[in-house]
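In: take this sequence and fold it.
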Amino acid sequence: MTLFWILALLTVPAALMVVLHRNPVYSALALVFTLFQIAIMFVALEAYLIAFLQVIVYAGAIVVLILFAIMLLSLEPEEPSPDRSNLRAWGWGMAALLGIELGAVATLEGPTSSEPGPADFGSVADVAEQLFSTHLLPFELTSILLLVAVVGAVVLARRRG
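Out: You can find the predicted model right below:
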């Protein structure tokens, strides 16, 4: 439990930096750090395959895809507009509400079960069976969404040139 709180204290500020940093490249680097921290949490839960997939798929492929889109779009610094002050206040209010909700759930809810999971939980065969049978449609839709994102970034980059 102590390891979880140490990892949480490292992960939450990195996740906030993903959202709050103005430079998209630094935001993507903070995302990599956040995803590595989550992978360490999976290792602590002895879900080694999920941790490996977390690093390879998310920290590797997805972040490279995001950086590729950022470089293709060649984003210029954004000038702050006065219209955004209401949005910023609304965003901070929603973040505070979410923080209160998460704090309440963390203090009120205890662990639901201390029983270990099934013997094959997190194994390659179990994950493959779930991924390609029960969750096949979301898996394929995610791959199509990523393909559309890359094509969209290329189209937007070509229009500027």
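In: please make it C-alpha for all contacts and neighbour counts, starting now.
Out: Will do.
In: centre of the chain to the least confident helix or strand in the chain by mean pLDDT, how far?
Out: Ranked by mean pLDDT, DSSP states H and E, the helix or strand of the chain with the weakest confidence is helix 63-73, at a mean of 75. For helix 63-73, the separation from the chain centroid amounts to 16 Å (computed by C-alpha atoms, centre = their mean, to the nearest Å).
In: what does stretch 115-132 give?
Out: 22 Å.
In: my guess is residue 124 contacts residue 49. True?
Out: Yes. Residue 124 lies in contact with residue 49 (C-alpha atoms under 8 Å); the separation is 6.8 Å.
In: the two: who's more crowded?
Out: Neighbours were counted for residue 124 and for residue 49 using other C-alpha atoms under 10 Å; residue 49 has more, 16 against 13.
In: for that one, give me its contacts.
Out: 122-124 (C-alpha atoms under 8 Å, 6 or more residues apart in numbering).
In: please identify the helix or strand for it.
Out: Under the criterion DSSP states H and E, the helix or strand holding residue 49 is helix 48-53.
In: now that helix: average pLDDT?
Out: Helix 48-53 shows an average pLDDT of 86 in the prediction.
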